[in-house]
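K.L.:
Requesting a structural model of the entry that follows:
(2 chains)
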Amino acid sequence: MLRDWRMVAVLAALVLFLTLTSPVMAHHGNAAWSSTELTLKGTIVDYQWRNPHVLLVWTTKDDSGKTVQWSGEVASPEAMMADDGWTKQTFKPGDEIVLVLRPAKSGAPNGVIDQIKRADGTVVMRYSRQAGSGNYAGQLTPADQERRDKAADDANKKN
Amino acid sequence: MRNLAILSMLLLATLLALPPAASAQRGAANQAAGDAPPRPGLEVPLVTPGPGWKPCPHCENQAWAEEGRKKAGVDTHPFNPHDLSGIWSGNPDDLAGNVIPISMKAVPALTAYGKQMFAAAQSESPQWNSKDPENVCDPMGWPRWLTFNFGFQFVVLPDRVLQFFEFGHTWRDIWTDGRKLPPDPPIPRYLGYAVGRWEGNTFVVDSNGYDDHSWIAQAPAAQSGTGRPGGYPHSDEMRIEERYQRLNYGLLQLTLTITDPKVYTAPWTTTGKITLLPDVEMAESFCVPSDQIRFNEENTIPTVPKQ
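P.N.:
Numbers count the residues shown, from 1 in each chain, chains lettered A, B, ... in the order given. Below you'll find the predicted structure:
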């Protein structure tokens, strides 16, 4: 009996893994991004509202207090307009934001953005089409959100 | 106990047979009801350029597409089966997604020449499809333009049917004036030479004369045999038959068969349904080489681990 249930658990884990790592076909794959989320507080330097994907450029302070410039992508302008009501005026240089992103596997300060809030906690992007499977709408559980909210609070307090 | 194990295997097989969960440009589809978080798009006001301006397929999300279809009564609205006019975008499983993905389950075996082309299209990196013509905004070609993002508009004229595509902001002529396909097309074309005719209520499009620089579809890393992504090629001898049938006001059935004996040992058939998005307009979605190349250099290539 125990062995059978163990097998069911292993199979269920396998199914979950395969479901969350289904191939992504788009402008570019997302295989270059880490699966680990990083939460950063940043100050907008540039907001590139254009195809193929909207880009945010921001500075953030690393653990040693050094300022690092990051960039991260979301979906296309029209997808961002449809999903989150973004326009060309959504961000301006100097805006304070807190981002959840999955950084590049290469170690470059670059990532695909999963969620964005303003420093006051206002949600600007709750989910991301661009983040692909496993991290987008419908797969973000209340527990995930709670974890993200806590990370965002910690990031806000840090700098 | 044995039954339980068999049941588990069946469950696994069923789940594995489901389509991929998402693509980066696909909408928020198939979200379960109940305690799942609200779908994006229900949380924000609709943004349009101003009064009288409509949203577009590309900026439609699942919720708005559902609303538009419901408002138009797509299941019961009267229709003329010989009028294919309208904006067709997405599919019943994902109204904000791509029209119809080429079937990856039906990929035929490659010929020796096909294997050479397939190998030449393999990327250098497992993480980035470096040889994808789309990286530099080269034309997607046919049938990739059909399957890539955001749908198309059929415009029916007396002598031809125009098929406009949102991505790339381009079009194809399907001639219905009785001309035949050129037996030896003088210039290869990314969108080929296409003629259409009616067989009962089915609009049949035959085409040939394709430029072999484009891909049929991306080849996912998991299917390439090398762990690196690439593309499914075709030759200049590829012929394609498309059979469009309007099932009701809001649904178009398509069967697309690729025949390319130089590259594939058997025909390659994809079947699917495409959804009408009433009350929307095409957006401008150019692939801009300077923007795309800058994006690659500044945002994509730096993310790829060095080999």
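K.L.:
now the strands for the chain?
P.N.:
Using chain A here. Using DSSP state E, the strands of chain A run over A:38-48, A:55-61, A:67-73, A:96-103, A:110-118, A:123-125.
K.L.:
The intended chain is chain B.
P.N.:
Using DSSP E, the strands of chain B run over residues B:86-88, B:152-156, B:160-165, B:170-175, B:193-199, B:202-208, B:217-219, B:230-232, B:239-248, B:251-259, B:268-275.
K.L.:
so which of the ones you listed gets nearest A:Gly111?
P.N.:
Closest of the strands of chain B to A:Gly111 is strand B:217-219, at 22.6 Å (criterion: Cβ to Cβ). Using the backbone N, CA and C atoms, a C-beta is placed for each residue, glycine as well.
K.L.:
could you say what helices and strands the closest one packs with?
P.N.:
With contacts taken as 3 or more Cβ pairs under 8 Å, 6 or more residues apart in numbering or on different chains; DSSP states H and E, strand B:217-219 sits against strand B:230-232.
K.L.:
neighbouring contacts of the strand it packs on?
P.N.:
Outside strand B:230-232, the residues within contact range by Cβ atoms under 8 Å, 6 or more residues apart in numbering or on different chains are B:102, B:107, B:118, B:121-123, B:129, B:131-133, B:215-219, B:224.
K.L.:
now that strand: mean pLDDT?
P.N.:
In this model, strand B:230-232 has a mean pLDDT of 96.
K.L.:
same check, this time on stretch B:161-178
P.N.:
Averaging pLDDT along stretch B:161-178 gives 96.
K.L.:
how far does that stretch stretch from start to finish?
P.N.:
13 Å (Cα to Cα, to the nearest Å).
K.L.:
Repeat that for stretch A:41-60.
P.N.:
Start-to-end, stretch A:41-60 (Cα to Cα) is 6 Å.
K.L.:
So for it, what gets flagged as buried?
P.N.:
Buried residues in stretch A:41-60, counted by 16 or more other Cβ atoms under 10 Å in any protein chain shown: A:41-45, A:47-49, A:51-58, A:60.
K.L.:
With stretch B:290-301 instead?
P.N.:
Using 16+ other Cβ under 10 Å as the test for burial, stretch B:290-301 gives B:291-292, B:295-296, B:299-301.
K.L.:
which residue is nearest the centroid of chain A?
P.N.:
A:Asp114 (2.0 Å; Cα atoms, centre = their mean).
K.L.:
any idea how far that residue lies from A:Arg147?
P.N.:
To A:Arg147, A:Asp114 is 12 Å away according to Cβ to Cβ, to the nearest Å.
K.L.:
same deal with A:Val124?
P.N.:
Here the criterion is Cβ to Cβ. By it, A:Val124 lies 19 Å from A:Arg147.
K.L.:
swap in B:Leu251?
P.N.:
Taking Cβ to Cβ as the measure, B:Leu251 falls 41 Å from A:Arg147.
K.L.:
Which of these two has more residues huddled nearby?
P.N.:
The neighbour count for B:Leu251 versus A:Arg147, taken as other Cβ atoms under 10 Å in any protein chain shown, is higher for B:Leu251 (19 against 14).
K.L.:
The closest residue to the more buried one other than its chain neighbours - how many residues pack around it?
P.N.:
In this structure, B:Leu251 finds its nearest non-sequential neighbour in B:Lys273, 5.5 Å apart by Cβ to Cβ, 6 or more residues apart in numbering or on different chains. Other residues lying near B:Lys273 total 17 when counted by other Cβ under 10 Å.
K.L.:
okay but B:Lys273 is in contact with B:Gly250, surely?
P.N.:
No: B:Lys273 is beyond contact range of B:Gly250, at 9.9 Å (criterion: Cβ atoms under 8 Å).
K.L.:
Compute the first-to-last residue distance for stretch B:212-223.
P.N.:
21 Å.
K.L.:
Which residues belonging to that stretch are considered buried?
P.N.:
Buried-residue list, stretch B:212-223, by 16+ other Cβ under 10 Å: B:212, B:214-221.
K.L.:
what pLDDT does the closest residue in space to B:Ile187 that isn't next to it in sequence get?
P.N.:
For B:Ile187, ignoring the flanking residues on the chain, the nearest one in space by Cβ to Cβ, 6+ apart is B:Gly209 at 7.8 Å. Here, the pLDDT recorded for B:Gly209 equals 98.
K.L.:
and if you look at B:Gln25?
P.N.:
33.
K.L.:
To A:Gln69, which of the strands of chain B lies closest?
P.N.:
Closest approach to A:Gln69 among the strands of chain B (Cβ to Cβ): strand B:217-219, 31.6 Å.
K.L.:
Now do that closest one: everything it contacts.
P.N.:
In this structure, residues lying in contact with strand B:217-219 by Cβ under 8 Å, 6+ apart are A:25, B:101-102, B:104, B:118, B:121, B:129, B:132, B:144, B:147, B:229-232.
K.L.:
Now do it: distance to the chain's middle.
P.N.:
Offset of strand B:217-219 from its chain centre (Cα atoms, centre = their mean, to the nearest Å): 11 Å.
K.L.:
Would you list the strands that that strand pairs with, along with their directions?
P.N.:
Strands that pair with strand B:217-219, judged by DSSP bridges, come out as strand B:230-232 (antiparallel).
K.L.:
Quick one: mean pLDDT over stretch B:135-148.
P.N.:
The average pLDDT for stretch B:135-148 rounds to 94.
K.L.:
tell me the pLDDT at A:His28?
P.N.:
57.
K.L.:
ignore the last one, B:Asp132
P.N.:
At B:Asp132, the model reports a pLDDT of 95.
K.L.:
any idea how far it lies from chain A?
P.N.:
Separation of B:Asp132 from chain A (Cβ to the nearest Cβ, to the nearest Å): 8 Å.
K.L.:
quick one, what contacts the residue in the stretch 201-307 of chain B that chain A sits nearest to?
P.N.:
Using Cβ to the nearest Cβ, the closest approach of the stretch 201-307 of chain B to chain A is made by B:Thr303 at 3.5 Å. With contact taken as Cβ under 8 Å, 6+ apart, B:Thr303 is in contact with A:32-33, A:104-106, A:108, A:110-111, B:127.
K.L.:
biggest separation within those residues, which pair?
P.N.:
Pairwise across the contacts of B:Thr303, and taking Cβ to Cβ, the largest span is found between A:Gly111 and B:Gln127, at 13.7 Å.
K.L.:
Looking at the buried residues of stretch B:290-301, which are in helices?
P.N.:
Among the buried residues of stretch B:290-301, the ones falling in helices (DSSP state H) are B:291-292, B:295.
K.L.:
I'd like to know which of those residues is nearest to A:Gly72.
P.N.:
The closest of those to A:Gly72 turns out to be B:Phe295 (Cβ to Cβ; 12.4 Å).
K.L.:
was I right about the closest one contacting A:Pro52?
P.N.:
Yes: applying Cβ under 8 Å, one finds B:Phe295 in contact with A:Pro52, separated by 5.8 Å.
K.L.:
Can you check which residues contact both of those two?
P.N.:
Residues touching both B:Phe295 and A:Pro52 (Cβ under 8 Å, 6+ apart): there are none.
K.L.:
ok so, going back, so can I have CSV of the strands of chain B showing distance to B:Pro51?
P.N.:
Shown next, in CSV, are the strands of chain B (distance: least, Cβ to Cβ, whole Å):
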stretch, distance to B:Pro51
strand B:86-88, 21
strand B:152-156, 23
strand B:160-165, 25
strand B:170-175, 29
strand B:193-199, 38
strand B:202-208, 36
strand B:217-219, 40
strand B:230-232, 44
strand B:239-248, 32
strand B:251-259, 31
strand B:268-275, 27
